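Participant: dropping the sequence and predicted coords here.
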Number of protein chains: 2
Amino acid sequence: MSYKLYIPGPVEVSEKTYQALTTHIIGHRSQDFVALYDDIQPKLQTLFSTTSPVFLSTSSAWGVMEGSIRNLVQKKALCCMCGAFSDKWLEVAHRCGKQADGYQVEWGKALEPEAIRKYLQTGEYDCITMVHNETSTGVMNPLKEIMDVVREFPEVISVVDTVSSFSAVPILTDEWGIDVVLTGCQKALAIPPGLALFTASDRALARAAQVEGRGYYFDFVEFKKNHDKSMTPSTPVLPHIFALKSKLEDIFEEGLEARYARHEKTNAMVHEWMTRNGFELFPEKQFASKTLTTVSNNRNIDMNAFNKRLKERFQMVINTGYGKIKGVTFRISNMGDETEETIGELVRNLDAVLEEFTS
Amino acid sequence: MSYKLYIPGPVEVSEKTYQALTTHIIGHRSQDFVALYDDIQPKLQTLFSTTSPVFLSTSSAWGVMEGSIRNLVQKKALCCMCGAFSDKWLEVAHRCGKQADGYQVEWGKALEPEAIRKYLQTGEYDCITMVHNETSTGVMNPLKEIMDVVREFPEVISVVDTVSSFSAVPILTDEWGIDVVLTGCQKALAIPPGLALFTASDRALARAAQVEGRGYYFDFVEFKKNHDKSMTPSTPVLPHIFALKSKLEDIFEEGLEARYARHEKTNAMVHEWMTRNGFELFPEKQFASKTLTTVSNNRNIDMNAFNKRLKERFQMVINTGYGKIKGVTFRISNMGDETEETIGELVRNLDAVLEEFTS
């Protein structure tokens, strides 16, 4: 049985994108690949709001998260922690044998620029990692305000995971001075999982060139060297790159402003459903994500049963929480290609199932 | 213009496999994913001839080649070098900050078991890497004979890249005592690139558990921990896993013996074409690959022009050599789904184009 995903990744994939996966393959060292790379690269740079190269990594975003640590940390990393994914980044840094400290805020709270300033003022750190939109808690951190602080410290290379916010809200890579923006393809880009994308500033590439033990697969310098030939260091996941080409057409046909507005509107519809039904936001309201909603299950609904019923009756699924807040929260995604119409249908169905559970 | 690839990867993909890529996505932490994993796992174990787990890595094979170094080398690696891919492995080991030496044979020659014994007898090495079928030179190393030697050294963990031989010839992982067999999906498995597969013996996993700095993305211990839940450590490349499921059906429907015989037969047809036209094998005959043929361009044909004409006239391409033997060799693949009929068509077309170049 096929059912529609309203989970915070992977998200629903359009028929056009599925068909793009079946594009006849080409040699990845051929001129056909060079042409494909050259076609998508400027569009990616526009979408990432950068003049730096945008690299294609055949991996999930975790690969690039680890790669950032291996490439960019010489002294010590400051890992900003506000949920399952950002918390784990500190552990991964340690597993790579790097010095790293955590700046932890309570789950549901956002990172505080002033606290980050205090850490960086110690002069101990040469790299900072953070997750823009923490997919577990539904917090969207105040990235511009954080970067205003980080830019005061020229030695500090900034790495921002935008896995679940990328292309759904404006992220001004160059203007805000972010060195590395990384994302996956299975969230707001609505491509099946298997490809990660990231930018690297000149500063980041210069740092990488000095760091020992980068290895090969996620070596930023190798990415740049191959980028200059419009290629990837290793054999790339071709179907996803064809799908990305297709999706970039869709994105620029819609227009970025319209795309951002659509996410804002559909997110508001989920919030409206939540409030109308007496549920509360898990994160602080001012820092609530625009791409997914983490809802406190303050009505103590049996969310596993709820979700099962939603799937059975309407062939749709939401998510019943992640990590240590599984069960006490649930999550609804409005990422990807969702429209007022499709989110409208979802909330009507949520209403219908909720009625069964509360009547 | 679409054209058919007879290059040593990626190889031609069947319509059934393309369609499998478009299977409706599922959550990778859902029971549907567990069911998918459990369906393919025993088939993969049969195909890998092992009772050890077979792990799915969202990466190219290089990721697992690097991962093997990071997970398994405590003292020093011996990297056996006989072509572009195996040669580079030594460099990658050094880039990971590991101690490693190279045992180099001339390109076109095979690795010698006795030479390997001499290296290992020094007691310096706790890991050995090699490429079974060196895709650049077309050499298929005598893996059984090499493993007969390696097994004499219980401290030495063996890692064998079977990227371009896997599933086309018998590779008896457990019987020969290979600790890690790794492969990609875009060669003999005839799936578009983007997924790597590998086995890890208990010995390999025990070693990994003791090695510092493994990181996360390619951490073998994480793969095992998630395997025990029928999941992958990071978000997996779902379309390729659906395609793998489809391809495993094809493979077992054909039967392994018939599959091996088909590769043997189609390879012989390419050899016959080569000999009939006065070309010579690049590798030593007794170690010639069964999945691809690296041909010495002893007739000094302009292979770029030849290949261009083959593409133009028959919508087919072969490969004009790799690395330092580009131009002086060319390569023809019989990997994947090729049959006597399709290879027969290829060699007829090669004949026709050759006539243009020599008349």
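Facilitator: Yes, it's here. The structure presented is a predicted model; accordingly, all values stated were derived computationally and were not measured.
Participant: which stretches in chain A count as helices?
Facilitator: Counting by DSSP state H, the segments of chain A that form helices are A:15-21, A:31-48, A:61-72, A:84-95, A:113-121, A:143-150, A:173-176, A:202-210, A:220-227, A:238-254, A:256-276, A:303-314, A:340-358.
Participant: in CSV, list those helices along with distance to B:Ser296, mean pLDDT and mean neighbour count.
Facilitator: (C-beta placed from N, C-alpha, C; glycine too.) Shown next, in CSV, are the helices of chain A (distance: least, C-beta to C-beta, whole Å; pLDDT from 0 to 100; neighbours: other C-beta atoms under 10 Å in any protein chain shown):
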stretch, distance to B:Ser296, mean pLDDT, mean neighbour count
helix A:15-21, 38, 98, 19
helix A:31-48, 26, 98, 16
helix A:61-72, 39, 98, 28
helix A:84-95, 47, 96, 21
helix A:113-121, 60, 98, 15
helix A:143-150, 57, 98, 20
helix A:173-176, 50, 98, 18
helix A:202-210, 39, 98, 17
helix A:220-227, 29, 98, 20
helix A:238-254, 30, 98, 21
helix A:256-276, 54, 98, 17
helix A:303-314, 60, 96, 16
helix A:340-358, 60, 97, 15
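Participant: put together TSV for those, with distance to chain B on each row.
Facilitator: Formatted as TSV, the helices of chain A follow (distance: least, C-beta to the nearest C-beta, whole Å):
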stretch	distance to chain B
helix A:15-21	4
helix A:31-48	9
helix A:61-72	4
helix A:84-95	4
helix A:113-121	23
helix A:143-150	23
helix A:173-176	23
helix A:202-210	12
helix A:220-227	9
helix A:238-254	5
helix A:256-276	19
helix A:303-314	10
helix A:340-358	16
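Participant: turn these into CSV, including distance to B:Ile301.
Facilitator: Formatted as CSV, the helices of chain A follow (distance: least, C-beta to C-beta, whole Å):
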stretch, distance to B:Ile301
helix A:15-21, 37
helix A:31-48, 21
helix A:61-72, 42
helix A:84-95, 51
helix A:113-121, 62
helix A:143-150, 58
helix A:173-176, 49
helix A:202-210, 41
helix A:220-227, 30
helix A:238-254, 29
helix A:256-276, 51
helix A:303-314, 61
helix A:340-358, 57
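Participant: B:Ile332 is nearest to which of these?
Facilitator: Minimum separation from B:Ile332 across the helices of chain A (C-beta to C-beta) falls at helix A:31-48, 19.5 Å.
Participant: can you count the residues close to the closest residue in space to A:Met316 that isn't next to it in sequence?
Facilitator: Once flanking residues are discounted, A:Met316 sits nearest to A:Lys4: 4.8 Å by C-beta to C-beta, 6 or more residues apart in numbering or on different chains. Using other C-beta atoms under 10 Å in any protein chain shown, the number of residues around A:Lys4 comes to 18.
Participant: pLDDT score assigned to A:Gly327?
Facilitator: In this model, A:Gly327 is scored at 88, pLDDT.
Participant: what residues are up against it?
Facilitator: Going by C-beta atoms under 8 Å, 6 or more residues apart in numbering or on different chains, A:Gly327 touches A:Asn297, A:Met303, A:Thr320, A:Gly321.
Participant: surely the second one is in contact with A:Ile332?
Facilitator: No. A:Met303 is not in contact with A:Ile332 according to C-beta atoms under 8 Å; the separation is 11.3 Å.
Participant: which residues sit against stretch A:70-78?
Facilitator: Contacts of stretch A:70-78 (C-beta under 8 Å, 6+ apart): A:69, A:93, A:96, A:98-103, A:116, A:119-120, A:124-129, A:156-157, A:159, A:179-180, A:204, A:207-208, A:210-211, A:213-215, A:218-221, B:215.
Participant: give me every residue that touches A:Phe55.
Facilitator: By C-beta under 8 Å, 6+ apart, the neighbours of A:Phe55 are A:Leu197, A:Phe198, A:Thr199, A:Ala200, A:Phe220, A:Phe223, A:Lys224, A:His227, A:Thr232.
Participant: so the residue of the stretch 51-200 of chain A found nearest chain B versus A:Ala206, what's the distance?
Facilitator: For the stretch 51-200 of chain A and chain B, the shortest gap (C-beta to the nearest C-beta) falls at A:Gly194, measuring 3.1 Å. Distance of A:Gly194 to A:Ala206, computed by C-beta to C-beta, to the nearest Å: 30 Å.
Participant: apart from its neighbours in sequence, what residue is nearest A:Ile128?
Facilitator: A:Ile128's closest residue in space is A:Leu78 (C-beta to C-beta, 6+ apart), at 4.7 Å.
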